[in-house]
Each structure stands twice: as C-alpha cells, then as structure tokens.
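Asks: Fold the following, please.
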Amino acid sequence: MILVVNAGSSSIKVALFKRDLTEVMDGQVSGIGGALAHLKLGAEDRDIAAPDHDTALAVILASLTAQGITHERLTAVAHRVVHGGTSLVDPALITDQVIEGIKAATPLAPLHNPNNLAGIRALQNLAPGVPQYASFGTAFHATQPDVATIYALPKEPRAAGIRRYGFHGLSYAWIVTQFGDKLPSKLLAFHLGSGASLCAIKDGKSVATSMGYSPLDGLTMGTRSGAIDGMGVLRLAEMYGADQAAHMLNKDSGLKGLGGSNDMRLLLAADTPEANFAVEHFCYWAARHAGSALVALGGLDGVAFTGGIGENSAPIRKRIMSHLTLFGDVPVHVVKADEERQIATDALTLMNGAT
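Replies: Numbering: from 1, shown residues only. Model (predicted):
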C-alpha cells in the first residue's frame with residue numbers, strides 16, 4: 001500500500017491507497033503543537049497529544065496498525081512537497097540529494113518546505129525500511145519557456161531565484177491524466193478554490209500559469225489579493241510594515257477583503273452590493289488572466305474547471321465562460337480534484353520503473 005502524506009504547519013493529511021490506486025482511507029492530525037491536537041483517520045476520531053510532526057506521524061502509524069495496516073504492508077510513502085525550485089522538476093525517490101534540493105528551495109517556500117521535510121524525516125525514523133517519494137507542486141510548470149518565467153529584472157535578483165514558478169501543479173497534472181488520449185491540444189484549466197489559478201496546457205505541458213514567484217499572484221482568491229502592482233505592495237509595506245502588509249495581502253484580501261467572506265457559497269447567497277462585486281471581481285479577473293493565457297496557447301480547444309469552486313459552482317463557471325465567448329464555443333469539462341491520488345500515481349510510476 002502507498003501512504004500519501006501532506007504535511008502542513010499545524011496539520012498532517014494522509015491518504016492510503018492500494019497499488020491499483022483504490023483509496024482505502026484518508027484522514028489527518030490537526031492542531032499539531034497546540035493543546036487541541038486531534039486525529040481523524042478511518043474509524044478513529046479522538047483528541048491526541050501531538051507536540052510536533054514526529055509525534056503526529058507516530059500516532060498516524062499507530063492508528064493504521066490498530067486498523068490492520070501495519071508497517072510491513074506499506075510499500076511506499078509519497079509526500080507532497082510544495083516547492084522544488086529549478087532543480088526538482090519531476091517526481092523523485094527521496095535520497096540525500098533530493099533532501100538537499102528541498103532544503104535549497106526552502107527560501108522560496110519558507111512556510112511549506114520545512115514542514116514537508118519534517119514529515120520526510122519523521123517517516124525515515126518511524127519506518128526506515130519503507131522507500132519514500134516526493135511530488136512537487138511546482139514541477140508541472142517546469143516545461144514553460146524562459147520568456148514565460150523570467151521577470152524583467154537585473155541579473156542579480158534573477159540569479160537569486162526571483163522568477164515565476166507557478167503552483168497547483170499536481171492538480172493540473174491530474175487533469176491531464178483524466179483526459180487520457182482525449183486531451184485537448186490547447187486546454188485552459190482553472191483551479192478555483194480558496195487558492196485560485198489557471199494554466200495554459202498545450203499538448204499536455206504547461207506553457208503559462210497565473211501564479212508567479214509565490215501563490216499570491218494572478219487571480220482574485222479567497223483571502224489573497226491576486227495580481228497587484230509592485231509599487232502598491234511597497235506602499236502597503238510603508239503604511240503597515242512588511243509583516244502586516246504580507247498578512248493583509250495573503251490573509252485579509254481577495255473575496256474576504258471585497259465581500260467580507262472567503263466562502264463563495266456565502267457570497268452568492270448574500271446578494272449584497274459588496275458580495276456581488278466580490279463575485280464579479282473573481283469572475284472578471286479569472287477571464288482577464290485567461291485572455292493572457294490564450295496568447296501563450298495560441299488558441300483554445302477546451303476548458304477544464306477543478307477545485308472546490310470550480311467543481312461545485314455552476315454559476316461561477318457560467319459567468320467566467322460568458323467573458324470568453326469571443327474565443328468561440330468550446331467544450332467545458334469539470335474534473336474532480338485529487339492531488340493525493342496523483343501523488344500516489346507518481347510514486348507507483350517510479351516504483352514500477354524501478355522493477
């Protein structure tokens with residue numbers, strides 16, 4: 001069986017798959033490092049003590065054992081790693097060299113990669129005989145040309161890694177696999193949830209995406225502002241200080257800043273001027289960025305929506321598509337997001353290649 005691990009700052013989400021990619025169970029430990037840590041996994045739903053990631057993963061493995069899934073039945077552990085930088089651009093068997101690559105990319109994702117590494121190290125100690133694999137959230141976009149990823153900056157900051165990377169790559173990779181041999185040659189894909197982005201996918205490869213150096217750029221999101229002029233960011237830093245400005249842009253902006261809530265369902269139901277404007281802003285800027293992506297695609301053969309909003313809100317899909325009618329009548333597809341299964345698929349592919 002393959003255990004998929006997604007380690008966050010205060011939670012660890014897991015999913016367990018058979019080798020045929022049938023999901024056996026999923027769950028998480030939440031509240032790591034706090035007094036209210038909680039395990040929900042399969043039949044277990046209880047408060048626990050989890051002062052750190054090592055303890056949380058030990059509890060998860062003990063819970064799996066108690067539910068009949070012993071260490072010996074695990075053939076692999078597969079991790080979601082947010083940022084692979086410019087060197088880790090494919091799923092990989094975790095080695096010392098890969099760990100060093102994840103460390104090197106940590107300045108690019110300081111809130112995420114250390115937690116991903118904590119999960120990897122904990123499993124090395126808890127299940128030392130089980131091979132571990134990593135799938136990188138930025139890797140799908142490594143196929144983009146330099147003109148799409150390089151900012152027009154002087155050489156020194158470019159050499160320091162200030163460039164477009166793109167995110168939600170595992171979600172877009174999953175979309176591609178779901179089409180199989182029916183994949184449109186020029187596909188515009190929207191991942192719409194609390195975090196929102198789009199990707200221009202040409203013949204199965206990313207050629208442009210809306211997120212940039214960080215997940216802040218691009219579309220209006222649940223609590224993130226989306227694209228904003230750099231001088232505006234500097235002015236906010238002058239007004240509020242860098243830390244507060246960063247918090248504002250990432251946690252208090254987007255739908256929340258415009259409409260008072262980051263929940264699209266509440267905004268659609270509210271029917272207030274503020275809520276209506278927030279919804280229109282979300283749809284308008286999704287379409288505006290789509291126009292840019294279509295230049296990179298050189299045309300349009302189909303559109304795919306995924307993510308919580310993309311999958312479940314037909315009114316939002318309709319409003320976005322109403323802005324894109326000038327590009328013709330193209331098929332619109334809804335694809336259920338399943339990053340965990342994509343991560344398991346990556347690990348299985350590597351395992352099969354090694355045998």
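
Asks: Any regions of this protein where pLDDT drops low?
Replies: Along the chain, the model assigns pLDDT under 70 to residues 354-355.

Asks: Arg224 versus Gln210, what's the distance?
Replies: Slight slip there: residue 210 is Ser, not Gln. In this view, Ser210 and Arg224 are 12 Å apart by CB to CB, to the nearest Å. Every C-beta, even on glycine, is put in place using the N, C-alpha and C of the backbone.

Asks: Can you name the helix or strand that His79 falls in?
Replies: strand 76-81 (DSSP states H and E).

Asks: strands paired with that strand, and their directions?
Replies: As defined by DSSP bridges, the strand partners of strand 76-81 come to strand 2-7 (parallel), strand 132-136 (parallel).

Asks: Make a markdown table from those strands and add distance to Glu156 and mean neighbour count to it.
Replies: Converted to a markdown table, the strands paired with strand 76-81 look like this (distance: least, CB to CB, whole Å; neighbours: other CB atoms under 10 Å):
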| stretch | distance to Glu156 | mean neighbour count |
| --- | --- | --- |
| strand 2-7 | 33 | 26 |
| strand 132-136 | 26 | 27 |
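
Asks: thinking Glu274 is in contact with Gly259, fair?
Replies: Yes - counting by CB atoms under 8 Å, Glu274 touches Gly259, with 5.0 Å between them.

Asks: Same drill for those two, tell me which one is more crowded.
Replies: The neighbour comparison of Glu274 against Gly259 (other CB atoms under 10 Å) goes to Gly259, with 24 against 13.

Asks: how far away is the spatially closest residue to the more buried one that is not a sequence neighbour from Leu236?
Replies: Spatial nearest neighbour of Gly259, chain neighbours left out: Ala278 (3.0 Å); criterion: CB to CB, 6 or more residues apart in numbering. Noted for Ala278: a distance of 20 Å to Leu236, by CB to CB.

Asks: okay, the two: which has more neighbours?
Replies: Remark: of Ala278 and Leu236, Ala278 carries more neighbours, 25 against 18, as counted by other CB under 10 Å.

Asks: quick one: which helix or strand includes that one?
Replies: Take DSSP H and E as the rule and Ala278 turns out to sit in helix 273-297.

Asks: Okay, now the sheet partners of the helix or strand following that helix, with direction.
Replies: Counting by DSSP H and E, the next helix or strand C-terminal to helix 273-297 is strand 302-306. Strand pairing for strand 302-306, determined by DSSP bridges: strand 186-192 (parallel), strand 332-334 (parallel).

Asks: Tell me which of those strands is the most buried.
Replies: Each of the strands paired with strand 302-306 was scored by mean neighbour count; the highest is strand 186-192, a mean of 26, by mean count of other CB atoms under 10 Å.

Asks: Could the C-alpha coordinates of that strand be exported in CSV?
Replies: C-alpha atoms of strand 186-192 as CSV (Å, rounded to 0.1, in the frame of the first residue of the first chain):
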residue,chain,number,x,y,z
LYS,A,186,-4.9,23.6,-26.3
LEU,A,187,-6.5,23.3,-22.9
LEU,A,188,-7.3,26.2,-20.5
ALA,A,189,-7.5,24.8,-17.0
PHE,A,190,-8.9,26.7,-13.9
HIS,A,191,-8.1,25.5,-10.4
LEU,A,192,-10.6,27.5,-8.4
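
Asks: and the direction of that strand versus that of helix 273-297, what angle?
Replies: Compare the direction of strand 186-192 with that of helix 273-297 by axes from the mean of the first three to the mean of the last three CA atoms, to 10 degrees and you get 150 degrees.

Asks: So which elements touch the next helix or strand along the chain from strand 186-192?
Replies: Next in sequence after strand 186-192, counting helices and strands by DSSP H and E, comes strand 196-202. Secondary-structure packing of strand 196-202 (3 or more CB pairs under 8 Å, 6 or more residues apart in numbering; DSSP states H and E): helix 169-179, strand 186-192, strand 205-209, helix 273-297.

Asks: what about 6 Å?
Replies: Packed against strand 196-202 by the contact rule (3 or more CB pairs under 6 Å, 6 or more residues apart in numbering; DSSP states H and E) you find strand 186-192, strand 205-209, helix 273-297.

Asks: Strand partners (parallel or antiparallel) of that strand?
Replies: In the sheet, strand 196-202 lines up with strand 186-192 (antiparallel), strand 205-209 (antiparallel) (DSSP bridges).

Asks: can you put those in a markdown table and add distance to Asp52?
Replies: Formatted as a markdown table, those follow (distance: least, CB to CB, whole Å):
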| stretch | distance to Asp52 |
| --- | --- |
| strand 186-192 | 31 |
| strand 205-209 | 34 |
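
Asks: which of the residues in the helix holding Ala278 are buried?
Replies: For helix 273-297, a neighbour-count test (16 or more other CB atoms under 10 Å) marks 275, 278-279, 281-283, 285-287, 289-290, 293-294, 296-297 as buried.

Asks: Nice, that's everything, thank you.
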